[in-house]
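Q: sequence unknown, structure follows:
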């Protein structure tokens with residue numbers, strides 16, 4: 001395996017140890033470590049980043065299934081950052097010498113404190129500090145990036161977060177890809193048909209904690225008159241304060257839609273040779289919520 005990745009064993013190379021069979025350029029060295037959790041189990045797919053002394057990224061990667069990170073880099077001084085979901089980041093340093101192996105040993109990650117959850121009660125999406133965006137692809141062509149400019153949403157936080165609920169309504173006509181002619185076409189009966197289906201709606205009563213700051217929010221998305229179950233892969237970012245001192249919470253979420261699930265097949269367009277949007281559409285949400293104000 002190492003022969004295929006790094007070349008044949010050089011003459012005089014050591015036959016034992018972690019670098020057996022590894023060919024290293026004369027001006028370079030090797031740095032390695034093993035990333036473990038608090039009970040000394042390996043952390044797979046932990047991200048590691050090596051940067052130089054002025055902060056420029058030199059190399060980045062992920063640990064293997066055994067928690068091991070191994071990198072060949074030019075000789076020099078480096079800063080190491082190791083991060084993994086649900087753990088406190090680790091920062092260290094390493095000096096790599098020409099032809100040498102800098103073994104950093106075991107990097108023990110500690111469980112990160114859970115971010116404070118919002119207080120139970122009624123909250124609403126702050127549209128000024130939120131965004132609902134999407135990325136689609138022309139068949140055989142480049143990606144199209146867009147967003148919906150008009151939407152509203154309410155979130156009811158329960159005593160147990162898992163029992164919370166949310167309802168989001170999006171104005172279909174507010175679709176915006178930055179090209180007026182394309183947006184008009186997307187609003188037409190060929191695509192979203194906003195005259196017949198003026199809104200997209202998402203309603204969820206299922207919040208599932210996936211560990212760390214990750215949550216799965218599962219609910220029904222109604223688009224083009226069709227409802228389908230959709231799960232938002234959500235990262236909860238915690239609680240903060242706005243410029244006027246108001247409490248607000250933030251999260252990021254992603255999901256992928258398949259337009260055929262919502263009867264958006266557009267076969268007549270394809271039959272006429274018109275390049276339509278690809279079958280998969282990626283949705284990206286950046287959302288901030290604030291306590292709902294009761295108006296008398």
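A: Perfect, thanks for sending it. Quantities reported herein were computed from a predicted structural model and do not represent experimental measurements.

Q: any residues touching the lengthiest strand in the chain, and which ones?
A: The longest strand of the chain (DSSP state E) is strand 226-241. Strand 226-241 is contacted by residues 115-118, 202, 204, 213-221, 247-255, 257, 261-263, 285 when judged by CB atoms under 8 Å, 6 or more residues apart in numbering. (Glycine included, C-beta is placed from N, CA and C.)

Q: Identify each buried residue in that strand, please.
A: Buried residues in strand 226-241, counted by 16 or more other CB atoms under 10 Å: 230, 231, 232, 234, 236.

Q: The second one bridge partners, please.
A: Here residue 231 sits in beta bridges with residue 218, as judged by DSSP bridges.

Q: ok, it to residue 69 distance?
A: Computed as CB to CB, to the nearest Å, the residue 231 to residue 69 distance reads 31 Å.

Q: Going along the chain, name the strands of the stretch 51-200 of the chain.
A: Here the stretch 51-200 of the chain has its strands, by DSSP state E, counting those that start in this stretch, at 57-62, 68-74, 76-83, 90-96, 101-108, 121-125, 131-137, 143-148, 151-157, 165-171, 175-176, 199-211.

Q: From the contact counts, what lies against the last one?
A: In terms of contacts (3 or more CB pairs under 8 Å, 6 or more residues apart in numbering; DSSP states H and E), strand 199-211 is packed against strand 165-171, strand 214-223.

Q: can you list the ones you listed in CSV and add mean neighbour count and distance to residue 85?
A: Putting the helices and strands packed on strand 199-211 into CSV (neighbours: other CB atoms under 10 Å; distance: least, CB to CB, whole Å) gives the following:
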stretch, mean neighbour count, distance to residue 85
strand 165-171, 18, 23
strand 214-223, 18, 6
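
Q: Would you mind saying which of those lies nearest residue 130?
A: Each of the helices and strands packed on strand 199-211 has some distance to residue 130 by CB to CB; the shortest is strand 165-171, at 9.9 Å.
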